[in-house]
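Engineer: the following block contains a protein sequence and its predicted model.
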Amino acid sequence: MIETPKVNGYLPDERPSFGKLILFALQQIIVMFPATVLVAILTGFHVSTTIFASGLATLCFILITGKKIPLYYGSSFSYITAICAITIPEVYGNPAPDHLISEAQFGIVLSGLISIAVGLLVRKVSMEKIEKVLPPTVTGSVALIIGLSLAGTALGNIVEVGGLKGVNAENQKLAANLSMTIALITLLATIFFSVYLKKGTWSQIPILLGLLLGYAVAFVAGKIAGIGFVDFSLGANDPILKLPHFTLPKPSWEAALAIMPIAIATIPESTAHLYQLDLYVNKLAEEKGVGKKYGIAEKLGLNLIGDGLGDMISGAIGGPAGTNYGENISTMAITKNYSIWVLIAASIITMLLSFVTPLSAAVYSIPTAVIGGLSIYLFGVIGAQGITIMLDKKVNLFDAKNLSIIATILIIGLGGSVLGGIPFFGLDLPPIAAAAVFGILLNLVYQLVDFFKNRKTEE
């Protein structure tokens, strides 16, 4: 009798042993940690609070969705520009003032309502009807300008060296050259790690590996040149254990207008993740001979509701807006480990880590040049995802209507970002929000014109 080879892996409702559970949970934390923390640094949010919010939002997402959807919630890069327009971080590495964080929280909490509203609609109607209002020409273009509008931030982190310790008029040029070198080493290392590391856990942490290498180079270069690329002073005098710095939302309609529309761009990404997960999980179930279908894709509406509630939970305590992470899905696919219990353990461990202050101090010590090098890659990927959305949905770029929507969103969004806002009848409109609203309205005009033309033809 021929034995069937045992298939390794865990389905969503399967639980590993305790030792493996902790190990697998740490692996999930490793892949989400760099990006989630980087968002906090770039937006001026408190790192420890962001880490705690990520774990809490993940845990709540899993419970809200009935432990049926194995996804991890982390801070989203898509919101960085809009949040920075409110928090306005003046000194890199220092959290923004509480009142500005609170205003941004208000926009983040309300942005969750968009995902919830779309989720409720999807449960009543099909996604096809939703895409008539939010077509890929809009969502893809918005994602594209989110990434491209951050280009100045990425390079600014590299070239602005005046605030570093030990920099003076005599060595400022040397500091600038070293900063650019550190950034390039970090950037190229991260790219090569992501391209050539194909197996195991290493393939899932190219950002962390690139960051560590850049950090080491910056530390050595700073010691030799007497320049403080690495600064350990922030949080050094705090106790080892400390509560995260929680803040409450403060009403600000400016923040709401700036941040809420960004939720539009994250909905297609979240949806794609769900469909990918459905394929992976059911493939494993088939390989293991489990006579059960995991209808994860059918829970699209529930997923969007969970995403929106995650934003509201994170925003309510002082964390940035987020989304489910593709890095974690990739880890699941490689390890064939989709256990809900692993993600529950990861979320609890993440919350416990947020109380360890040396961790926050270590994060704040990351050199701006290293962050700049990572940001060039990461922000570019955000823009590329916008193109991916349009390619995946087979957008016809020879169609005049599609071109007009894409073109106007790009120029309004990017032009407004360069100007720092769009002046309009005494208002200073947030550029990405204004571009998104214009694109949505233009698309609706086309929908109405086509409706009346078809109606006239039928008559």
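Structural biologist: Everything's here; your move.

Engineer: how many neighbours does the closest residue to Leu429 other than its chain neighbours have?
Structural biologist: In this structure, Leu429 finds its nearest non-sequential neighbour in Ile422, 4.2 Å apart by C-beta to C-beta, 6 or more residues apart in numbering. (C-beta placed from N, C-alpha, C; glycine too.) Here the number of neighbours of Ile422 (other C-beta atoms under 10 Å) works out to 19.

Engineer: where in the stretch 101-250 of the chain is pLDDT low?
Structural biologist: For the stretch 101-250 of the chain, the stretches flagged by pLDDT under 70 are 126-127, 199-201, 203-204, 234-237.

Engineer: show me where it has its helices.
Structural biologist: 127-133, 136-148, 151-159, 172-196, 206-225 (DSSP state H, counting those that start in this stretch).

Engineer: mean neighbour count and distance to Ala346 added to those helices, as JSON lines?
Structural biologist: Shown next, in JSON lines, are the helices of the stretch 101-250 of the chain (neighbours: other C-beta atoms under 10 Å; distance: least, C-beta to C-beta, whole Å):
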{"stretch": "helix 127-133", "mean neighbour count": "13", "distance to Ala346": "29"}
{"stretch": "helix 136-148", "mean neighbour count": "25", "distance to Ala346": "27"}
{"stretch": "helix 151-159", "mean neighbour count": "18", "distance to Ala346": "29"}
{"stretch": "helix 172-196", "mean neighbour count": "18", "distance to Ala346": "22"}
{"stretch": "helix 206-225", "mean neighbour count": "19", "distance to Ala346": "16"}
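
Engineer: now distance to Ser375 too, for these, in TSV please.
Structural biologist: As requested, those are exported to TSV (distance: least, C-beta to C-beta, whole Å):
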stretch	distance to Ser375
helix 127-133	31
helix 136-148	10
helix 151-159	4
helix 172-196	9
helix 206-225	11
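
Engineer: so what pLDDT did the residue nearest to Leu429 get?
Structural biologist: Ile422 carries a pLDDT value of 83.

Engineer: same question for the one 5 residues further on.
Structural biologist: If you check Leu427, the pLDDT there is 69.

Engineer: coming back round to it: Ala434 is in contact with the residue nearest to Leu429, correct?
Structural biologist: Yes. Ile422 is in contact with Ala434 according to C-beta atoms under 8 Å; the separation is 5.1 Å.

Engineer: can you pull the residues that touch both of the two?
Structural biologist: Residues touching both Ile422 and Ala434 by C-beta atoms under 8 Å, 6 or more residues apart in numbering: Ile412, Gly416.

Engineer: need the contact list for the residue most central in space within the chain.
Structural biologist: Nearest to the centroid of the C-alpha atoms of the chain, with distances taken as C-alpha atoms, centre = their mean, sits Ser76, at 1.9 Å. Residues in contact with Ser76 (C-beta under 8 Å, 6+ apart) are Val39, Thr266, Pro320, Ala321, Gly322, Thr323.

Engineer: any idea how far it lies from Thr271?
Structural biologist: Taking C-beta to C-beta, to the nearest Å as the measure, Ser76 falls 14 Å from Thr271.

Engineer: Gly416: which element?
Structural biologist: According to DSSP states H and E, Gly416 maps onto helix 400-419.

Engineer: just checking, what packs against that helix?
Structural biologist: Contacting helix 400-419 under the criterion 3 or more C-beta pairs under 8 Å, 6 or more residues apart in numbering; DSSP states H and E are the following elements: helix 136-148, strand 422-424, helix 431-458.

Engineer: can you list the strands that the second one pairs with?
Structural biologist: In this case it means strand 422-424. Here strand 422-424 is paired, per DSSP bridges, with strand 427-429 (antiparallel).

Engineer: ok, for Glu14, nearest residue in space, not its chain neighbours?
Structural biologist: Using C-beta to C-beta, 6+ apart and skipping residues adjacent in sequence, the residue nearest Glu14 is Ser339, 5.6 Å away.
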